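Chemist: this one's sequence-less:
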């Protein structure tokens, strides 16, 4: 019996860790400390792959992934995520504000003003 318990304990120690949906959402949103932009992006990809994900949740996951991509210097990919998020939630002031911030960072002032006005 002791050998069985030891074997089970060992299996738990070497089993690969897999974050569940709640942990993936927290990582995507950046609530966990010390995550790299790549880890945040992977968590957001997992959230976006969830079956029956409501459009509003998908839009927010895209916003979070876009920010991770901005931090990684992948601004064109970030802009694509913001545009996709707006397609899912066209009246979202959050998405519009985040995209406007990216436009400002890239010195696209007219585009930033349009997004701020729409928000």
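Modeler: It's in. The model shown is predicted, which means the values in this text are computed figures rather than measured ones.
Chemist: now tell me which helix or strand of this structure has the poorest mean pLDDT.
Modeler: helix 2-14 (a mean of 39; mean pLDDT, DSSP states H and E).
Chemist: identify each buried residue in the host helix or strand of residue 83, please.
Modeler: If you go by DSSP states H and E, residue 83 is part of helix 75-88. For helix 75-88, burial by neighbour count (16 or more other CB atoms under 10 Å) applies to 77, 78, 79, 81, 82, 84, 85, 86, 88. Heads up, the C-betas are built off the backbone N, CA and C, glycines and all.
Chemist: quick one: mean pLDDT over it.
Modeler: Mean per-residue pLDDT for helix 75-88: 98.
Chemist: all helices of this structure, in order?
Modeler: For the chain, the helices defined by DSSP state H cover 2-14, 21-29, 37-48, 55-71, 75-88, 93-105, 109-118.
Chemist: tell me which of those sits most buried.
Modeler: helix 55-71 (a mean of 21; mean count of other CB atoms under 10 Å).
Chemist: residue contacts, the residue lying closest to residue 92 once chain neighbours are set aside?
Modeler: The spatial neighbour of residue 92 that comes closest, neighbours along the chain excluded (CB to CB, 6 or more residues apart in numbering), is residue 59 at 6.1 Å. Residue 59 makes contacts with 85, 86, 88, 89, 92, 95, as judged by CB atoms under 8 Å, 6 or more residues apart in numbering.
Chemist: my guess is the third one contacts residue 57, does it?
Modeler: No. Between residue 88 and residue 57 there is no contact under CB atoms under 8 Å: 9.3 Å.
Chemist: show residues contacting stretch 29-48.
Modeler: Counting by CB under 8 Å, 6+ apart, 19, 21, 23-28, 53, 57-58, 60-62, 64-65, 67-69, 71-72 sit against stretch 29-48.
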